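Undergrad: sequence first, then the predicted structure, then my questions.
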Amino acid sequence: MEFSFDNYFVRQMELKDLQNIVSNAKDPEIANNNMVVKKYNTLAKAKKYIEKMQDKEATATGYELVIEDQEHNFVGVLSLHHMDYKKGTGYIGYWLTKSNWGKGIATKALKHLLPFAFDYLGLKKIYAKTLISNTKSQGVLERAGFKVIGKSGKAPEEYYFYELNCK
Ligand SMILES: CC(C)(COP(=O)(O)OP(=O)(O)OC[C@H]1O[C@@H](n2cnc3c(N)ncnc32)[C@H](O)[C@@H]1OP(=O)(O)O)[C@@H](O)C(=O)NCCC(=O)NCCS
């Protein structure tokens with residue numbers, strides 16, 4: 001799965017991304033907000049994770065995509081996972097290296113992934129979960145059209161659940 005927007009290219013995660021995954025997984029501002037990358041803070045764990053996600057992409061059961069800039073610098077990650085094709089649902093996630101915050105990249109990448117999820121994979125509903133304290137992530141979801149459908153947990157681990165329905 002690959003696509004491009006503006007001057008960015010989005011492609012499947014590969015073993016060459018290992019170092020970037022691990023160094024960002026050790027950054028609390030990223031790891032404390034993204035429950036997935038948090039777990040992959042060693043080269044061994046990140047390698048297993050990349051290989052597992054490559055298998056998932058091969059069976060259309062999960063997509064872990066890397067956003068690169070024009071010079072092939074690693075910009076961040078966009079995920080579509082936990083698909084349930086019977087229910088027509090899936091979850092999205094994302095994170096960017098800190099030098100890429102504030103440029104609209106996550107919003108645009110997410111908006112470009114949605115037609116793939118709805119029109120190509122046939123999903124009917126996409127969910128996202130974000131800490132209530134994570135206003136930047138809420139901004140991404142709301143700019144892409146997601147709506148809050150509920151809350152769970154207790155502060156500081158309190159989350160909003162968002163959903164977006166296929167039009
Ligand atoms: C969540 C995260 C990806 C959001 O990053 P972000 O840069 O705020 O989001 P976007 O890339 O969509 O950029 C939006 C920002 O760029 C600005 N922007 C500039 N040009 C823009 C454009 N063309 N379109 C949209 N926004 C634009 C917006 O005003 C906004 O800035 P603001 O936060 O000052 O209002 C980032 O904070 C992150 O990686 N956090 C750690 C991990 C995480 O929280 N992941 C999500 C878990 S649910």
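TA: Arrived safely.
Undergrad: pull the number of nearby residues for Lys103.
TA: Neighbours of Lys103 under the rule other CB atoms under 10 Å: 13. Heads up, the C-betas are built off the backbone N, CA and C, glycines and all.
Undergrad: show the pLDDT at it.
TA: Note for Lys103: predicted pLDDT of 97.
Undergrad: please apply the same query to the one 10 residues further on.
TA: Taken from the predicted model, the pLDDT recorded for Leu113 is 97.
Undergrad: sec struct for it, please.
TA: At Leu113, secondary structure determined by DSSP: H, G, I helix; E, B strand; the rest coil is helix.
Undergrad: from Leu80, how far out is it?
TA: 6 Å (CB to CB, to the nearest Å).
Undergrad: intersection of neighbour lists for the two?
TA: Shared contacts of Leu113 and Leu80 (CB atoms under 8 Å, 6 or more residues apart in numbering): Leu65, Ile92.
Undergrad: more neighbours: which of the two?
TA: Leu80 (27 against 23).
Undergrad: might one say that the more buried one is in contact with Leu114?
TA: No. Between Leu80 and Leu114 there is no contact under CB atoms under 8 Å: 9.6 Å.
Undergrad: in this protein, which strand is the longest?
TA: strand 74-84 (DSSP state E).
Undergrad: who does that strand pair up with?
TA: When pairing is defined by DSSP bridges, strand 74-84 lines up against strand 63-68 (antiparallel), strand 89-96 (antiparallel).
Undergrad: average model confidence for that strand?
TA: On average, strand 74-84 scores 96.
Undergrad: quick check: neighbours shared by Leu80 and Leu114?
TA: Shared contacts of Leu80 and Leu114, counting by CB under 8 Å, 6+ apart, come down to Ile126.
Undergrad: get me the contact residues on the chain for the ligand.
TA: 30, 33-34, 93-96, 101-107, 130, 134, 136-137, 139-140, 143 (CB under 6 Å from any ligand atom).
Undergrad: now those: which count as buried?
TA: Using 16 or more other CB atoms under 10 Å as the burial test, the residues of the chain next to the ligand include 30, 33-34, 93-96, 105-107, 130, 134, 137, 140 as buried.
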